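# need a 3D model of the sequence below.
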Amino acid sequence: MAEKEKDIVKQAYKDLKYATESKRDLLRCQTEDFEFSLGKQWDDSDMKELEDIGVLALTINKIHPIMQLLLGIESQNRTDYRAYPEGEEDSLTADIVTLLLKNAMKRSDGNYKISEEFEDGLMCGEGYLEPYIDNTWDLLNGQLKFKKWMNDEVYVDPDAREYDLSDARYVFKVVRGLTKDEVIDLFPDKENIIKKIDSARITENSFTGGEHDVLGVSVEKEGYQGDTSAQGGEDAEQGFDLIEYQYVKRVKRWVIFDKNLGAAKMVETKEEADEYINNVIALDPKNAMAVSKKQINVPEIWNASIIGNIELSNERLWCYPLWKSFTLFPYYAYKSTANIKDTEYKIKGITRVVKDLNRELDKRRTQELRHLGQSTNSGWLAEQDAWVDPEKVEQYGSSPGINLEYKSGKQKPERIVPTPLSQGHAQLVAEHTQDMKEASGINTDLLAMNEKQASGRAIHLRQKQGLVMVQKLFDNLSRTKRQIGRFILSVFPEIYDIDKAIKVVGDSFIVKNFSEPVMQPARDPITGQPVIDPSTGQPAQQPVLDPKNPNQLLTRVNEQKVAETFNNILNDSQLGVYEVAIAESPTNETIRLANSLILTEMQQSGIPVPPDLLVENSPLPVEQKQRFLKSLQMAQQAAQQEQSAGNQRRGNPKEK
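Residues are numbered from 1 along each chain as shown. Got it, this is the predicted structure:
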């Protein structure tokens, strides 16, 4: 067992070395991307050189408004999850799944976490979210939450090409600078082992081989790079870097094929397979040929937690087999799968595209300011000893309204005319403006600045046209969101039980979709005897009228159907494959207004649009929508009752 544990640690460091070396150049570029986006757009050496000659280094952050615009578009066009039925019979299931998905995202602030991931992607090219279940207050059904990981904390198999990491062999999360108490909180059963470790930091020695361990794990005695002030002194606690190693592990499993059931069952051991087959044969010896077993290799997702050279845990990922992939969901602004050596060109965000242009703008504007500053005090041209007060000229010669005197008999001094800014400067301004538009994809259509007189719909259409240049950014975000949605659907059993799921959808939904008429035996109105259904030979059934409202049928909720439906949703592993498809639906008020205008035009053109659909897509507040919908429902019920009463009067011979 000890040898096996040592092997997984060795394999983890081998893979981590390969992943970090492949990402090193990209990380360097991404660090600069973050700094540039946030305003650090000058090298320290260049700023020092300008300061020494008394020149202010201007920072004109053109990237910030681009970021704010794209983040605003994402926020205004934020979508909710919606499950669409694969068949007509699955529409009820899709409605319930939609309500549960929305509830899970609302309780976890999932949409805001996705927006944060999107922002990271715009800046450096990639962002990562990890959903997890928090069982702090509920040990049976925890709350879904999201953890955002930075680009320098996640290392993906460099040979993986798929956007969703489906072809990756492993994914690393590196948590740096933990204290000993924090590590013990994560692994309380390993407290005795953790207390014996001074520190365990990931350094270059961790991969190249160190003096402390044959596995190449170097245990630093300096802690946080020698920063004793941050540690509280020499006796302060040293730091720990935790490695979370999610990897694909091939395991042998036995598959049992039962032809009578038309299904296959997977078990871990041969003994379990034999026991299942023997039980089937014991029940019906004729089934001996209808059941068989076969051993296969199955990919499982495992997770190993490592500190230094110590394996703290190594087990199947918590969500397997509900979710058969990694729990890290990436967002890539632009990602290329080209087979090139320089990885920094494969992943990039908006910042990488335009930062050289912004750097050129900063330097050019600084040079212009320096030129203007020098030209405003260009000096005087005069004969030697021509000024009455030379010190006054030197000190105030460039000040407005100053009176200067020159000596009688001397030639009148002349101000030196400064060299004006060249036409090249104006040309550079025009070229820079055009370059920023073309490089970033942010044009006048997207900014809605192309026309002074335009209707709201015209502006909206022009903005949609302007989005073409940056559509890839939002398409990739949709891919990430759909993947997260499928994950949430797969782990429903970890989040909800049947009772909690029923509370989420609400009593009115249950009553509306699971109510059935109360039935009673039908009797002959003349003889009073039970009526026999000739097709079945059984007593016929008829619905019971509601005693409080004779024009309506008496109904009750089918509790068994409710339990079966919710049990299928929460426990069917194939739900997202055969019954529903996860997609997105608009929730933003701007989109609702656009939809409302379209529906209104359809209604005006003669298309019968239901009134409740118009209300639901209107930009009215939720409370007013509910009041309108309730009024519409009451009006419809009154109309139905009036129609029913009219039919009864027409069918009553006495009233004729």
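# for the host helix or strand of residue 489, buried residues please.
Residue 489 belongs to helix 471-490 when assigned by DSSP states H and E. Using 16 or more other Cβ atoms under 10 Å as the test for burial, helix 471-490 gives 473, 476-477, 479-490. Using the backbone N, CA and C atoms, a C-beta is placed for each residue, glycine as well.
# if I look at residue 416, how far off is residue 300?
Distance, residue 416 to residue 300, using Cβ to Cβ, to the nearest Å: 81 Å.
# what residue, apart from its backbone neighbours, is nearest the most centrally placed residue in the chain spatially?
Among the residues of the chain, residue 114 comes closest to the average C-alpha position under Cα atoms, centre = their mean, at 3.0 Å. In this structure, residue 114 finds its nearest non-sequential neighbour in residue 481, 6.2 Å apart by Cβ to Cβ, 6 or more residues apart in numbering.
# that neighbour reaches residue 78, doesn't it?
No. Counting by Cβ atoms under 8 Å, residue 481 sits too far from residue 78 to count as a contact (9.8 Å).
# contacts only, for the residue lying farthest from the centre of the chain.
Within the chain, the residue lying farthest from the chain centre (Cα atoms, centre = their mean) is residue 409, at 82.0 Å. Counting by Cβ atoms under 8 Å, 6 or more residues apart in numbering, residue 409 makes contact with nothing.
# hang on, it in a helix?
No. Counting by DSSP: H, G, I helix; E, B strand; the rest coil, residue 409 is located in no helix; its state is coil.
# what about residue 189, neighbour count?
9 (other Cβ atoms under 10 Å).
# oh sorry, the question was meant for residue 142
Counted by other Cβ under 10 Å, the residues lying close to residue 142 total 16.
# could I get the contacting residues of it?
Applying Cβ under 8 Å, 6+ apart to residue 142 gives the contacts 133, 134, 135, 136, 494, 495.
# so who does the fourth one touch?
It refers to residue 136. residue 142.
# so it, which of the three states?
At residue 136 the chain is in coil, as set by three-state DSSP.
# quick one: it and residue 323, what's the gap?
Look at residue 136 and residue 323: by Cβ to Cβ, they are 22 Å apart.
# what's the answer for residue 71, then?
29 Å.
# out of the two, which sits in the more crowded spot?
Neighbours were counted for residue 71 and for residue 323 using other Cβ under 10 Å; residue 323 has more, 20 against 15.
# check which helix or strand covers that one.
For residue 323, there is no host helix or strand (DSSP H and E).
# just use 8 as the starting number from now, easier for me
Sure, I'll start counting at 8 from here, so that last one is residue 330.
# which residue packs closest to it, ignoring adjacent ones?
Leaving aside its sequence neighbours, residue 330 sits nearest to residue 497 (Cβ to Cβ, 6+ apart; 4.5 Å).
# can you check residue 518 too?
Among residues not flanking residue 518 along the chain, residue 564 sits closest, at 6.2 Å (Cβ to Cβ, 6+ apart).
# just list the residues touching the one you found, thanks.
Contacts for residue 564 were tallied using Cβ under 8 Å, 6+ apart; they are 517, 518, 521, 522, 523.
# write a ChimeraX command that selects only the buried members of those residues.
The ChimeraX command for the buried members of these (criterion: 16+ other Cβ under 10 Å) is given here:
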select :517,521
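# okay, and which of the contacts of residue 564 map to helices?
Using DSSP state H, the subset of these located in helices is 517, 518, 521.
# and those as TSV, adding pLDDT and distance to residue 186?
Shown next, in TSV, are these (pLDDT from 0 to 100; distance: Cβ to Cβ, whole Å):
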residue	pLDDT	distance to residue 186
517	91	49
518	87	53
521	90	52
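# will you turn those residues into JSON lines that also has distance to residue 623?
Formatted as JSON lines, those follow (distance: Cβ to Cβ, whole Å):
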{"residue": "517", "distance to residue 623": "20"}
{"residue": "518", "distance to residue 623": "20"}
{"residue": "521", "distance to residue 623": "22"}
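# and of the residues you listed, the nearest to residue 641?
Within these, the smallest distance to residue 641 is 16.4 Å, found for residue 518 (Cβ to Cβ).
# quick one: that closest one and residue 569, what's the gap?
Noted for residue 518: a distance of 10 Å to residue 569, by Cβ to Cβ.
# ok, residue 89 next?
22 Å.
# compare those two (neighbour count), which wins?
More neighbours surround residue 89 than the other of residue 89 and residue 569, with 20 against 16 (other Cβ under 10 Å).
# strand partners of the host helix or strand of that one, parallel vs antiparallel please.
In this assignment (DSSP H and E), residue 89 forms part of strand 86-92. Paired strands of strand 86-92, with direction, are strand 587-593 (antiparallel) (DSSP bridges).
# between the ones in helices among the contacts of residue 564, which is closest to residue 303?
Distance ranking of these against residue 303, using Cβ to Cβ, places residue 521 first at 41.2 Å.
# let's test this: name the helix or strand in this protein with the lowest mean pLDDT.
helix 235-238 (a mean of 35; mean pLDDT, DSSP states H and E).
# so what secondary structure elements neighbour whichever strand or helix holds the residue nearest to the centre of the chain?
Using DSSP H and E, residue 121 sits in helix 117-131. When contacts are defined as 3 or more Cβ pairs under 8 Å, 6 or more residues apart in numbering; DSSP states H and E, helix 117-131 packs onto helix 9-45, helix 70-83, strand 133-141, strand 150-156, strand 336-339, helix 357-382, helix 478-497.
# and that helix, what's its mean pLDDT?
Per-residue pLDDT over helix 117-131 has a mean of 95.
# run the chain-centre distance for it.
Computed by Cα atoms, centre = their mean, to the nearest Å, the chain-centroid distance of helix 117-131 equals 6 Å.
# and it with helix 9-45, angle?
Computed by axes from the mean of the first three to the mean of the last three Cα atoms, to 10 degrees, the angle separating helix 117-131 from helix 9-45 equals 70 degrees.
# may I see the buried residues of helix 117-131?
Applying 16+ other Cβ under 10 Å to helix 117-131 flags 117, 118, 120, 121, 124, 125, 126, 127, 128, 129, 130, 131 as buried.
# one step back: so how far is the helix holding residue 496 off the chain centroid?
On Cα atoms, centre = their mean, the centre of helix 478-497 falls 7 Å from that of its chain.
# list the contacts of the helix or strand that comes right after that helix.
Moving toward the C-terminus from helix 478-497, the next helix or strand (DSSP H and E) is helix 499-502. Helix 499-502 has contacts (Cβ under 8 Å, 6+ apart) with 107, 111, 140, 148-151, 326, 329, 495, 508, 576-578.
# can you list contacts of the helix or strand just after helix 499-502?
The helix or strand immediately downstream of helix 499-502 is helix 505-512, counting by DSSP H and E. Outside of helix 505-512, the residues within contact range by Cβ under 8 Å, 6+ apart are 103, 106-107, 110, 148, 499, 503, 517, 569-570, 573-574, 576-577.
# of those, keep whichever come out buried.
By neighbour count, with 16+ other Cβ under 10 Å, the contacts of helix 505-512 hold 103, 106, 107, 110, 148, 499, 503, 517, 569, 573, 576, 577 as buried.
# can you mark which positions in the host helix or strand of the third one are buried?
Residue 107 is located in helix 98-115, with elements delineated by DSSP H and E. Of all the residues in helix 98-115, those buried under the rule 16+ other Cβ under 10 Å are 100-112, 115.
# fine by me, thanks again.
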